[in-house]
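# could you look at this predicted model? Sequence included:
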Amino acid sequence: MNVLIIFAHPERHSLNGALLEVAVAELKGLGHDVQVSDLYAMQWKAAVDRADFPDLGPDERLKVASASSREFAADGLTDDVKAEQDKLHWADTVIFQFPLWWFAMPAILKGWVDRVYACGFAYGVGEHSDRRWGDRYGEGMMAGKRAMLIVTAGGWPEHYSERGINGQIDDLLFPINHGILFYPGFTVLPPFVAYRVDRLDDTRFRTVADELRERMRTLQTRLPIPYRKQNGGEYQIPTMELKPGLETSGAVRFALHVAEPKLR
Ligand code: FAD
């Protein structure tokens, strides 16, 4: 299996750096091929701007989606973006690894998504008509590939529980898991989240590392989050609302889009 890890931490001598080494060693030990995109080490350009679209005329107004669509179709995107897209095609499984910063991914990783997820590549794929909103949410260029998050958080697990002050972790990660991974077609595995990490002692580090090794060993077998597919007949056209009566008992908001209770 080919595994691509998109790593977003500015310091390799960090907890995240140590966990990256754990994950890579385990995956290689299992015989998998691994590539790491270490975004800070690569000095990844995070902001989308005119430089991303070399064919854009100097006086032409930048409309990001249409410029992206045009450059992607003409194979004219910048080399750094094309290299990441090639890695995504190569990968069977993609992992985003990052510390939770302000309840979200670090800006450099969001910038990777903004630039690499071109129109025609990650969105704007398939038929768009009054009958269909394209190939997305379970279909698309990344269909058949698995993806998961490795996240470290300073907060306690209780802070991220159902009644926790920070909001439930599944809700906070929904825009990434559902919006960034499921949207272009990935099958999304439950995230690996290490909590309360800021004063981690060696004993707890060993526990977290063991849990992460287990998650690496079960990448191919773990049950995914059962998000509902857009084109699976459960959403009304063209409003894309879940049809009445299909929700799992008690589910509201984000949880509406999960077909059954998560199995972990
Ligand atoms: P490090 O700082 O590198 O290490 C953390 C601990 O692990 C240290 O005790 C260190 O000694 C130990 N450690 C490191 N490497 C090893 C090793 N090899 N072996 C054994 N022990 C080791 N948290 C939230 O919960 N929610 C937020 O919204 C949030 N926002 C943040 C925003 C910012 C800007 C910042 C800076 C932090 C935020 N945090 C938040 C906390 C953040 O999530 C954690 O600081 C981060 O996840 C820790 O990961 P790290 O790799 O940077 O850890």
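It's in.

# list the contacts of the helix or strand containing residue 170.
For residue 170, the host element (DSSP states H and E) is helix 169-176. Applying CB atoms under 8 Å, 6 or more residues apart in numbering, the contact partners of helix 169-176 are 96, 100, 103-105, 149, 151, 153, 160, 166, 191, 193, 253-255, 262. Yep, even glycine has a C-beta here, placed from its N, CA and C like the rest.

# mind checking which of the residues you listed are buried?
96, 100, 105, 149, 151, 153, 160, 166, 191, 193, 254-255 (16 or more other CB atoms under 10 Å).

# sort out for me which of those are in strands.
96, 149, 151, 193 (DSSP state E).

# let's have these in TSV, adding distance to the ligand.
Converted to TSV, these look like this (distance: CB to the nearest ligand atom, whole Å):
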residue	distance to the ligand
96	14
149	13
151	8
193	10
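
# pLDDT for those residues - can I get that in TSV?
Output for those, formatted as TSV (pLDDT from 0 to 100):
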residue	pLDDT
96	99
149	99
151	99
193	98
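
# of the residues you listed, closest to residue 6?
residue 96 (5.0 Å; CB to CB).

# tell me the contacts of the closest one?
6, 8, 105, 109, 147-150, 176, 181.

# can you mark which positions in the helix holding residue 170 are buried?
Under 16+ other CB under 10 Å, the buried positions of helix 169-176 are 169-170, 172-174, 176.

# swap in stretch 80-89?
Counting neighbours by 16+ other CB under 10 Å, one finds that the buried residues in stretch 80-89 are 81-82, 84-85, 87-88.

# and the contacts of it?
Outside stretch 80-89, the residues that touch it by CB under 8 Å, 6+ apart are 4, 35, 37, 42, 44-45, 52, 75, 77, 94, 112, 115-116, 118, 121, 141-142, 145.

# any idea of the mean pLDDT in that stretch?
Stretch 80-89 shows a mean pLDDT of 98.

# CA atoms only: put that stretch into CSV for me.
Provided in CSV are the C-alpha atoms of stretch 80-89 (Å, rounded to 0.1, in the frame of the first residue of the first chain):
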residue,chain,number,x,y,z
ASP,A,80,4.6,22.4,-6.4
VAL,A,81,0.9,21.9,-6.7
LYS,A,82,1.2,19.3,-9.5
ALA,A,83,3.7,17.3,-7.4
GLU,A,84,1.3,17.1,-4.6
GLN,A,85,-1.5,16.1,-6.9
ASP,A,86,0.7,13.3,-8.3
LYS,A,87,1.4,12.1,-4.7
LEU,A,88,-2.4,12.0,-4.1
HIS,A,89,-2.9,9.9,-7.3
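
# how far does that stretch sit from the chain's center?
Centroid displacement of stretch 80-89 relative to its chain, using CA atoms, centre = their mean, to the nearest Å, is 15 Å.
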